[in-house]
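Asks: one predicted model, sequence on top.
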Amino acid sequence: MKKLNIRPKRTVRVVLFTNEENGMRGGNGYRDAHRADAANHILMIESDGGVFKPQGFGFTGPDAAMAMVQEIGGLIERSIPGAGAITKGGGGADIGPIMALGVPGMGLNVDGTRYFWYHHTDADTVDKLDPKEVAQCAAVMAIMAYVVADMPTRLPR
């Protein structure tokens, strides 16, 4: 978004969480730091399955919000075929704590067939990634974040 010099109506915040497997300190800390302004959070999106070929998102939120993000999925599908599906049930461990306060959430779904080949091993290095798939994951996350942040109305709660 910065490179394209486009600014949505609402703020897009990128958060890099830590300590998921070791006590959820990142997700819990974010929730605790933003508990008072959780109502201002429109949507939380998590990517925690690797950066393999994107296959859409799982979404947790009201049906009216689901319909809106499914329309955005249609935009994504036109740009990256196979990446625009929006299914019920999504989020992630790191965003779960703030989702429990009523913030809708979604998780990026990717082709997970290679995820556990290297996951959390010394061989889990960037050379195993396909740069095209990494770019596609970044693109679908950016499209979803931008469009949700720039819509005339907020996602319903």
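Replies: It's in.
Asks: beta partners for Met86?
Replies: Residue 86: Ile, not Met. Under DSSP bridges, the beta-bridge partners of Ile86 are Phe57.
Asks: which SSE is the spatially most central residue of the chain in?
Replies: The structure's the chain has its C-alpha centroid closest to Ile45; by CA atoms, centre = their mean the separation is 2.7 Å. With elements taken from DSSP states H and E, the one containing Ile45 is strand 44-46.
Asks: coming back round to it: quick check: bridge partners of the residue nearest to the centre of the chain?
Replies: Counting by DSSP bridges, Ile45 forms beta bridges with Met106.
Asks: count of neighbours near Asp111?
Replies: 14 (other CB atoms under 10 Å). Any C-beta I mention is one placed from the backbone N, CA and C, and that applies to glycine too.
Asks: strands of the protein, residue ranges please.
Replies: 44-46, 54-60, 86-88, 105-110 (DSSP state E).
Asks: need the mean per-residue confidence for the strand holding Ile45.
Replies: Strand 44-46 shows a mean pLDDT of 98.
Asks: hey, C-alpha coordinates of the lowest-mean-pLDDT helix or strand in the chain in PDB?
Replies: Lowest by mean pLDDT, DSSP states H and E among the helices and strands of the chain is helix 115-118, with a mean of 84. Extracted C-alpha coordinates of helix 115-118, given in PDB (Å, rounded to 0.1, in the frame of the first residue of the first chain):
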ATOM      1  CA  TYR A 115       4.100 -27.200   6.000                       C
ATOM      2  CA  PHE A 116       5.300 -29.900   8.400                       C
ATOM      3  CA  TRP A 117       8.200 -31.100   6.200                       C
ATOM      4  CA  TYR A 118      10.400 -28.500   7.900                       C
END
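Asks: residues in contact with that helix?
Replies: Under the criterion CB atoms under 8 Å, 6 or more residues apart in numbering, residues Gly49, Gly50, Phe52, Asp124, Thr125, Lys128 lie in contact with helix 115-118.
Asks: can you map out the helices along the protein?
Replies: 25-34, 63-79, 96-99, 115-118, 131-150 (DSSP state H).
Asks: would you format the strands of the chain as CSV with distance to Ile143 included?
Replies: Below are the strands of the chain laid out as CSV (distance: least, CB to CB, whole Å):
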stretch, distance to Ile143
strand 44-46, 11
strand 54-60, 10
strand 86-88, 12
strand 105-110, 11
